[in-house]
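1. Below are the sequence and a predicted model; questions follow.
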2 protein chains.
Amino acid sequence: MARWEPNARERLERAALALFTEHGFDATTVAEIADRAGLTKSTFFRHFTDKREVLFGGQDMLAQLFGDAIRSAPASATTAECLAAALEAAAVAFTPERHDLAPQRRAVIAANSELQERELLKRARLASAMAEALGARGADQATARLAAEVGVLAFSTAYARWAAPDNLLSFAEIAHAALHELQASAATLGVPES
Amino acid sequence: MARWEPNARERLERAALALFTEHGFDATTVAEIADRAGLTKSTFFRHFTDKREVLFGGQDMLAQLFGDAIRSAPASATTAECLAAALEAAAVAFTPERHDLAPQRRAVIAANSELQERELLKRARLASAMAEALGARGADQATARLAAEVGVLAFSTAYARWAAPDNLLSFAEIAHAALHELQASAATLGVPES
């Protein structure tokens, strides 16, 4: 499934996901991934530090996209509008061309407890990136952290829905809907009793 | 600092925290912890599976306390009232007698990136326990997950404030205040724009 792929990074990614799916993450070596992609190990290491980064290499880019979108939102934007901007910015990473990789990635992670931990840590890092950017706009700490958790929940809900094999909607549409659902939930939680 | 301590588990915990503080977590061995506590290695292993569990052994108890409190709240309780009940139930773990251990534990974790990851995973697990219990009461998934994140944020905010060396307030008081702050933040987030 390799030689006609447009670029080395994506070829390696597709080869790795196929092998992880066939033999499991732990049993797959970098040499096998490079071989399946028709590339060398040194090409692999020019793109990824290790095989785990094939699954989680997008984390830094996402954190950057989230942070940049929040920082560059208009000064008049509400916190909720900042979250919407962050999720919209993330949509560049979830294009129709990459849609077929998502269910594979999710299945590989679901099958491995260490990878599940890594996924939880990724979410925590994304939340920190959002909270920091919201704090820099002047949100108080409680609001920034809560809003960041809402943003990451919207993101992970949206990713799961977008990754469903039969999904045809765009990531941005799905993410907006997920954010609105969470805002409605926040409204029900948001009334202190006393 | 050991022999007059009331029980082996707490003696081991105090010895471990003292050694982690003095020499770092990685450089401390189980033999040294047992020795400092005036106990044997086999006594250590009757109480903890490894030295990391000295720092994180409370996680299962907390998850249980949170879950039980939410499940046993009156049927009429709102989601926010369930969170308040969960935080109140956790207060048994944060008594004045244990207050002096908290800043040490926090400092040890802050000094070690692997322990920081473990702490983030602990929070994720506590959120899952709350979300599951809220879901079992009939909360929809988005509300249950959001409420659980609010609960864990309130918990971790409260823990940090309670653990401050000069704090004299009870965990329950601090936790209620933290939850109210987050509910106020949720209210500001909770109004969809369109």
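-> Thanks, I have it.
2. can you map out the helices along chain A?
-> Per DSSP state H, chain A carries helices over the ranges A:8-23, A:30-37, A:41-47, A:51-56, A:58-71, A:79-90, A:101-110, A:113-136, A:141-163, A:171-189.
3. Save the ones you listed as CSV, and put in mean neighbour count too.
-> The C-beta positions use only the backbone N, C-alpha and C, and glycine is treated the same way. Output for those, formatted as CSV (neighbours: other CB atoms under 10 Å in any protein chain shown):
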stretch, mean neighbour count
helix A:8-23, 20
helix A:30-37, 19
helix A:41-47, 15
helix A:51-56, 19
helix A:58-71, 19
helix A:79-90, 22
helix A:101-110, 17
helix A:113-136, 19
helix A:141-163, 23
helix A:171-189, 21
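4. Now mean pLDDT and distance to B:Ala184 too, for those, in CSV please.
-> Output for the helices of chain A, formatted as CSV (pLDDT from 0 to 100; distance: least, CB to CB, whole Å):
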stretch, mean pLDDT, distance to B:Ala184
helix A:8-23, 95, 44
helix A:30-37, 96, 50
helix A:41-47, 93, 46
helix A:51-56, 95, 35
helix A:58-71, 95, 21
helix A:79-90, 96, 13
helix A:101-110, 93, 36
helix A:113-136, 94, 16
helix A:141-163, 94, 8
helix A:171-189, 92, 11
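5. for the ones you listed, which one sits closest to B:Ser76?
-> Proximity to B:Ser76 (CB to CB) singles out helix A:171-189 among those, at 15.0 Å.
6. And the contacts of the closest one?
-> Residues outside helix A:171-189 that contact it (CB atoms under 8 Å, 6 or more residues apart in numbering or on different chains) are A:80, A:83-84, A:87-88, A:90-91, A:94, A:150-151, A:153-155, A:157-159, A:161-162, A:167, B:79-80, B:140, B:142-143, B:146-147, B:150, B:183, B:186-187, B:189-192, B:194.
7. Recalculate using a threshold of 6 Å.
-> A:84, A:87-88, A:91, A:94, A:150, A:153-154, A:157-158, A:161-162, B:79-80, B:142-143, B:146-147, B:186, B:189-190, B:192 (CB atoms under 6 Å, 6 or more residues apart in numbering or on different chains).
8. Next, the angle from it to helix B:79-90.
-> Angle of helix A:171-189 versus helix B:79-90, following axes from the mean of the first three to the mean of the last three CA atoms, to 10 degrees, is 70 degrees.
9. Up against chain B, what does chain A have?
-> Contact residues (CB under 6 Å from any CB of the partner chain) of chain A with chain B: A:79-80, A:117, A:120-121, A:124, A:142-143, A:145-147, A:149, A:153, A:180-183, A:185-187, A:189-190, A:192.
10. one step back: now render the helices of chain A as TSV, adding distance to B:Phe25.
-> TSV is the format used below for those (distance: least, CB to CB, whole Å):
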stretch	distance to B:Phe25
helix A:8-23	32
helix A:30-37	31
helix A:41-47	31
helix A:51-56	24
helix A:58-71	26
helix A:79-90	35
helix A:101-110	28
helix A:113-136	18
helix A:141-163	26
helix A:171-189	37
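11. wait, which of the ones you listed is closest to B:Arg71?
-> The nearest among the helices of chain A, by CB to CB, is helix A:171-189 at 18.6 Å.
12. now the closest one: how far from the chain's centre is it?
-> 17 Å (CA atoms, centre = their mean, to the nearest Å).
13. Taking their axis directions, that helix and helix B:141-163 sit at what angle?
-> Computed with the same axes, to 10 degrees, the direction of helix A:171-189 lies at 60 degrees from that of helix B:141-163.
14. Just the CA trace of helix A:171-189, in CSV.
-> The C-alpha trace of helix A:171-189 is given here as CSV (Å, rounded to 0.1, in the frame of the first residue of the first chain):
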residue,chain,number,x,y,z
PHE,A,171,-14.6,18.2,11.4
ALA,A,172,-15.5,21.8,11.8
GLU,A,173,-19.3,21.2,11.6
ILE,A,174,-19.0,18.3,14.1
ALA,A,175,-16.8,20.2,16.5
HIS,A,176,-19.2,23.2,16.5
ALA,A,177,-22.1,20.9,17.4
ALA,A,178,-20.1,19.2,20.1
LEU,A,179,-19.1,22.5,21.6
HIS,A,180,-22.8,23.7,21.6
GLU,A,181,-23.9,20.5,23.4
LEU,A,182,-21.2,21.1,26.1
GLN,A,183,-22.2,24.7,26.5
ALA,A,184,-25.7,23.6,27.1
SER,A,185,-24.5,21.2,29.8
ALA,A,186,-22.4,23.9,31.3
ALA,A,187,-25.5,26.1,31.6
THR,A,188,-27.2,23.4,33.6
LEU,A,189,-24.2,23.0,35.9
